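**Q** when you get a sec, could you give me coordinates for this:
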Amino acid sequence: MYDPKRLVGERVQLLRKRKGLSQEELAGQIGIDTKSLSRLERGAHFPSLETLEKVRVELGVELKDFFDFDQRPSAEEMRDFLIRAARDADYQHLSKMTEAVKATLG
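**A** Residues are numbered from 1 along each chain as shown. Alright, predicted model coming up:
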């Protein structure tokens, strides 16, 4: 079911994590308590436009990014995933990943 509060909250959480911030850090930067940010990210309530603007500024994103509910990952998300996976891989897995990328690129 389409639940805009949950979807906005999930986007805020995703964008916060992508920026490498904890809930405590972001909450402090935008002047709200951690519990309020947690409720926002869980979809328990909508943020005010003022709060959403503060989050937007701190995360360095556009307002529209909070409403991008497309289930496909962005190019940036895929790139981040590949970089993290490569960084955390042991030699055997890194070798397999390299072969897969070379095969895909032709």
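**Q** what is the burial count for Ser36?
**A** As a burial measure, Ser36 scores 17 neighbours (other Cβ atoms under 10 Å). Every residue, glycine included, has its C-beta placed from N, CA and C.
**Q** is it in a helix, a strand, or coil?
**A** helix (DSSP: H, G, I helix; E, B strand; the rest coil).
**Q** Glu76 versus the residue nearest the centre of the chain, what's the distance?
**A** With distances taken as Cα atoms, centre = their mean, Leu14 lies nearest the centre of the chain, 2.1 Å away. As judged by Cβ to Cβ, to the nearest Å, Leu14 and Glu76 stand 11 Å apart.
**Q** try Tyr91
**A** Counting by Cβ to Cβ - Tyr91 and Glu76 are separated by 27 Å.
**Q** likewise Glu10?
**A** From Glu10 across to Glu76, the span is 16 Å (Cβ to Cβ).
**Q** who has more neighbours out of those two?
**A** Taking other Cβ under 10 Å, Glu10 and Glu76 do not tie; Glu10 has more neighbours (16 against 9).
**Q** after the helix or strand harbouring the more buried one, next one along is what?
**A** Per DSSP states H and E, Glu10 falls inside helix 4-18. Following helix 4-18 in sequence order, the next helix or strand is helix 23-30 (DSSP H and E).
**Q** only C-alpha atoms, please: export the worst-scoring helix or strand of the chain on mean pLDDT in PDB.
**A** In the chain, the helix or strand scored least confidently by mean pLDDT, DSSP states H and E is helix 75-88, which has a mean of 86. Provided in PDB are the C-alpha atoms of helix 75-88 (Å, rounded to 0.1, in the frame of the first residue of the first chain):
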ATOM      1  CA  ALA A  75      23.500   5.600 -10.500                       C
ATOM      2  CA  GLU A  76      25.100   7.000  -7.400                       C
ATOM      3  CA  GLU A  77      23.500   4.300  -5.200                       C
ATOM      4  CA  MET A  78      24.800   1.500  -7.500                       C
ATOM      5  CA  ARG A  79      28.300   3.100  -7.700                       C
ATOM      6  CA  ASP A  80      28.400   3.400  -3.900                       C
ATOM      7  CA  PHE A  81      27.300  -0.300  -3.500                       C
ATOM      8  CA  LEU A  82      30.000  -1.400  -6.000                       C
ATOM      9  CA  ILE A  83      32.700   0.600  -4.200                       C
ATOM     10  CA  ARG A  84      31.700  -0.700  -0.800                       C
ATOM     11  CA  ALA A  85      31.500  -4.300  -2.100                       C
ATOM     12  CA  ALA A  86      35.000  -4.000  -3.700                       C
ATOM     13  CA  ARG A  87      36.500  -2.400  -0.600                       C
ATOM     14  CA  ASP A  88      35.200  -5.200   1.700                       C
END
